[in-house]
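In: Requesting a structural model of the entry that follows:
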Amino acid sequence: MGASRPLIIVGIGFLLVVVGFVGPVLMVLGLAPVSLWLSFVSHTASVGGLFLGLVGSAMYVGGRQG
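Out: Next comes the predicted model:
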């Protein structure tokens, strides 16, 4: 499998968490309209990014020990 695939998954997770953070910040600053849809997308991106980061980290550690 190599070490590159888990690191790519962690990178994607990090980008999703950043998107989940930037959405509400833009709404609070008034640069994006406050909408329920954007709130749900931001929350989903944040939770999905956290999940991908944890899975990618587990894959990375598991691959190094095997």
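In: shaky segments in this protein?
Out: 1-3, 65-66 (pLDDT under 70).
In: Show me which helix runs longest in it.
Out: helix 36-65 (DSSP state H).
In: Show me what counts as buried in that one.
Out: 42, 45, 46, 48, 49, 52, 53, 56, 59, 60 (16 or more other C-beta atoms under 10 Å). For the C-beta atoms, the positions are set from N, CA and C on the backbone; glycine is no exception.
In: Quick check: the fifth one vs residue 33, distance?
Out: Residue 49 sits 23 Å away from residue 33, going by C-beta to C-beta, to the nearest Å.
In: what about residue 7, how many neighbours?
Out: 14 (other C-beta atoms under 10 Å).
In: correct me, but residue 13 touches residue 52?
Out: Yes: using C-beta atoms under 8 Å, residue 13 is in contact with residue 52, at 3.3 Å.
In: Now do the helix or strand harbouring residue 16 and helix 36-65, the angle between them.
Out: In this structure, residue 16 sits in helix 4-29 according to DSSP states H and E. Inter-element angle recorded for helix 4-29 and helix 36-65: 150 degrees (by axes from the mean of the first three to the mean of the last three C-alpha atoms, to 10 degrees).
In: For helix 4-29, which residues meet the burial criterion?
Out: Neighbour count says helix 4-29 has 6, 9, 10, 13, 16, 17, 19, 20, 23, 24, 27 buried, by 16+ other C-beta under 10 Å.
In: Packing partners of that helix?
Out: With contacts taken as 3 or more C-beta pairs under 8 Å, 6 or more residues apart in numbering; DSSP states H and E, helix 4-29 sits against helix 36-65.
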